[in-house]
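In: the following block contains a protein sequence and its predicted model.
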Amino acid sequence: MTLVDSPATVIGGPALSQKRRLVTAIPGPRSQELMARKAEAVAAGVGTTIPVSVVAAGGGVLVDADGNSLIDLGSGIAVTGVGNANPRVVEAVTAQLNAFTHTCFTVAPYDSYVAVAERLNQLTPGDHVKRSALFNSGAEAVENAVKIARHHTKRQAVVAFDHAYHGRTNLTMGLTAKNIPYKSGFGPFASEVYRAPLSYPYRDGGLSGADAAARAILQIEKQVGAENLAAVIIEPIQGEGGFIVPAEGFLPALVKWANENDVVFIADEVQTGFGRTGAWFASEHEGIVPDLVVTAKGIAGGLPLSAVTGRAEIMDSAMAGGLGGTYGGNPLACAAALAAIESYEADGLIERAREIGAVLIGRLNALRTGDARIGDVRGRGAMVAIELVHPETGEPDARLTADVAAYAHANGVLVLTCGTYGNVIRFLPPLTISDELLTEALGVVADALRAE
Ligand SMILES: *Cc1c(COP(=O)(O)O)cnc(C)c1O
């Protein structure tokens with residue numbers, strides 16, 4: 001099997017042929033073997049979207065052990081924005097591997113951790129004085145943002161929103177809205193977590209952003225009380241909850257209320273960050289300046305890293321030793337992050353996210369015109385989704401959604417689903433995908449809708 005049959009024409013990754021190519025059914029025999037071993041060796045709670053055994057990935061494709069080349073519209077859940085095995089990342093991590101692999105920053109510090117903090121402080125919204133702290137996963141960073149907000153405000157309550165997803169650890173499960181599969185049977189959950197209604201333009205009758213914010217604020221004031229509230233946490237565009245873009249004005253009104261009431265406003269930009277939406281951070285689309293920004297996923301080209309970045313007076317509240325962890329800001333991950341940030345900048349990937357968005361929105365809206373089952377097309381930049389419904393009632397159609405995804409997978413296109421009602425297909429291609437591959441993949445999605 002030769003993986004390389006044409007020179008790389010893309011920014012990221014090994015020189016893989018940028019083609020969809022199926023040489024076996026999905027899964028092929030080697031992938032089936034791996035799935036059989038997985039069933040015997042790996043806990044059942046660790047699910048998989050597509051039953052393949054990946055051996056290489058780059059540009060806009062994933063190659064499996066049977067030689068199938070799949071178009072990647074998931075980026076490992078919005079992680080490999082700079083492309084898999086991005087050459088800048090590979091070079092930086094390789095050099096770091098040969099220098100040292102770990103000291104624990106809180107024991108014996110090193111340059112790259114500080115450099116990542118400096119870059120985050122520059123890149124996140126607002127020109128106030130900032131500090132950053134680094135962690136390993138999105139959930140761990142969310143936990144720390146809440147810790148920091150509580151320590152700073154000396155208050156305990158935290159408000160999260162309907163359809164929110166913030167992770168799988170105990171506190172972040174509590175912040176997450178969806179029961180199955182994230183919460184069911186995993187309680188008890190952390191206390192002092194409250195939920196407020198979101199702005200969900202497709203499903204709230206077109207409530208304006210201002211009115212949706214007023215509704216949320218009224219509920220917070222009546223049920224929690226600002227004087228008890230340490231933080232509100234929100235994804236500027238909800239990820240797992242269904243790529244819900246709140247109505248214009250919703251986020252600015254919440255920020256204004258939080259500022260007036262000394263409540264820490266935390267933007268969970270774990271999925272929306274790092275160029276994904278056509279800006280460094282999705283908060284920028286409405287000009288909001290969060291007090292704390294949580295980042296992870298797209299930050300380091302696939303290496304595990306996350307961060308909390310925010311106002312110095314809030315971030316500096318905790319005493320030395322109050323924040324940290326053995327691996328947080330691991331030198332390999334920091335080297336990767338610096339290289340990934342360089343790639344976003346030098347390779348024009350944020351601009352590319354906007355171009356990808358125009359292709360996605362254009363093609364999906366055209367599909368929607370002729371297909372009443374596509375209730376909504378929404379998103380920003382390279383973070384776009386369709387919500388599938390029963391045309392007569394507008395009720396969510398999770399079965400159609402699962403069938404379309406299964407058809408796409410069988411035909412060599414990796415798409416992800418999401419949404420509280422399981423009826424959203426989301427598109428999160430690597431920002432290194434070519435227009436040709438993207439268009440071909442959308443053609444397969446169109447075929448899938450036609451076939452169902
Ligand atoms: C994925 C995600 C998380 C959790 O990140 P992990 O790295 O999986 O812990 C938190 N918030 C949002 C918005 C996410 O998309």
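Out: Ah, there it is.
In: show the contacting residues for the closest residue to the ligand within the stretch 351-452 of the chain.
Out: In the stretch 351-452 of the chain, the residue that lies nearest the ligand is C418 (9.5 Å; CB to the nearest ligand atom). (Glycine included, C-beta is placed from N, CA and C.) The contact partners of C418, by CB atoms under 8 Å, 6 or more residues apart in numbering, come to G239, E240, G241, G242, F243, A385, V424, R426.
In: tell me how many other residues crowd the residue of the chain found nearest the ligand.
Out: Using CB to the nearest ligand atom, the closest approach of the chain to the ligand is made by G138 at 2.2 Å. Neighbour count of G138, defined by other CB atoms under 10 Å: 30.
In: for the helix or strand harbouring G76, the distance to its chain's centre please.
Out: Assigned by DSSP states H and E, G76 belongs to helix 75-78. Relative to its chain's centre, helix 75-78 lies at 7 Å (CA atoms, centre = their mean, to the nearest Å).
In: pull the residues that contact that helix.
Out: 81, 84, 239, 271, 276, 297-298, 302, 383, 416, 428-430.
In: average pLDDT for that helix?
Out: Across helix 75-78, pLDDT averages out at 98.
In: need the next SSE after that helix, C-terminal direction.
Out: In N-to-C order, the element after helix 75-78 by DSSP H and E is helix 87-99.
In: residues of that following helix that come out buried?
Out: For helix 87-99, a neighbour-count test (16 or more other CB atoms under 10 Å) marks P87, R88, V89, V90, A92, V93, Q96 as buried.
In: do the same with stretch 190-207
Out: 190, 192-204, 207.
In: how long is that stretch end to end?
Out: 31 Å (CA to CA, to the nearest Å).
In: one more: stretch 37-51?
Out: Taking CA to CA, stretch 37-51 runs 12 Å from one end to the other.
In: again with stretch 133-141
Out: From its first residue to its last, stretch 133-141 covers 9 Å (CA to CA).
In: can you get me a residue count around the closest residue to G322 other than its chain neighbours?
Out: Leaving aside its sequence neighbours, G322 sits nearest to H151 (CB to CB, 6 or more residues apart in numbering; 7.2 Å). Close neighbours of H151, defined as other CB under 10 Å, add up to 16.
In: you'd agree H151 is up against E313?
Out: No: between H151 and E313 there is no contact under CB atoms under 8 Å: 11.8 Å.
In: buried residues of the longest helix along the chain, list them for me.
Out: Longest among the helix segments of the chain by residue count, using DSSP state H, is helix 349-369. Using 16+ other CB under 10 Å as the test for burial, helix 349-369 gives 349-350, 352-353, 355-357, 359-361, 363-364, 367.
In: could you dump those to TSV with pLDDT and distance to the ligand?
Out: Listed next are these as TSV, based on pLDDT from 0 to 100; distance: CB to the nearest ligand atom, whole Å:
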residue	pLDDT	distance to the ligand
L349	98	19
I350	98	19
R352	98	21
A353	98	16
E355	98	23
I356	98	19
G357	98	18
V359	98	23
L360	98	19
I361	98	21
R363	98	25
L364	98	21
L367	98	26
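In: which member of the residues you listed is positioned nearest E436?
Out: Of all those, E436 sits closest to V359, with 10.5 Å by CB to CB.
In: ok, now which ones touch the closest one?
Out: V359 makes contact with D435, L438, T439, L442, according to CB under 8 Å, 6+ apart.
In: mind redoing it with 6 Å?
Out: L438 (CB atoms under 6 Å, 6 or more residues apart in numbering).
In: same check, this time on D397
Out: Each residue near D397 by CB under 6 Å, 6+ apart is listed here: L388, V389, H390, N423.
In: residues from this protein in reach of the ligand?
Out: Contact residues, the chain versus the ligand (CB under 6 Å from any ligand atom): 137-139, 142, 165-167, 235, 239-240, 268, 270-271, 296-297.
In: those in helices, which ones?
Out: Cross-referencing the residues of the chain next to the ligand against helices under DSSP H gives G138, A139, V142.
In: what are the ranges of the helices in the stretch 251-400 of the chain?
Out: Here the stretch 251-400 of the chain has its helices, by DSSP state H, counting those that start in this stretch, at 312-315, 331-346, 349-369, 398-410.
In: next, the angle from the second one to helix 87-99.
Out: Right, helix 331-346. Here the directions of helix 331-346 and helix 87-99 differ by 160 degrees (axes from the mean of the first three to the mean of the last three CA atoms, to 10 degrees).
In: next, the buried residues of helix 331-346.
Out: 331-344.
In: residues near the nearest residue to A247 once chain neighbours are set aside, how many?
Out: Nearest non-adjacent residue to A247, counting by CB to CB, 6+ apart: G209, 3.7 Å away. When neighbours are counted by other CB under 10 Å, G209 registers 19.
In: same check, this time on H128
Out: 12.
In: got phi/psi on R21?
Out: phi -150, psi 120 (degrees, to the nearest 10).
In: wait, it sits on S69?
Out: Yes: shown here, R21 and S69 form a contact pair, counting by CB atoms under 6 Å, at 4.2 Å.
In: when those two are compared, which one has more neighbours?
Out: Legend: neighbour count by other CB under 10 Å for R21 and S69, higher for S69 (22 against 14).
In: so what's the more buried one bridging to?
Out: R21, V63 (DSSP bridges).
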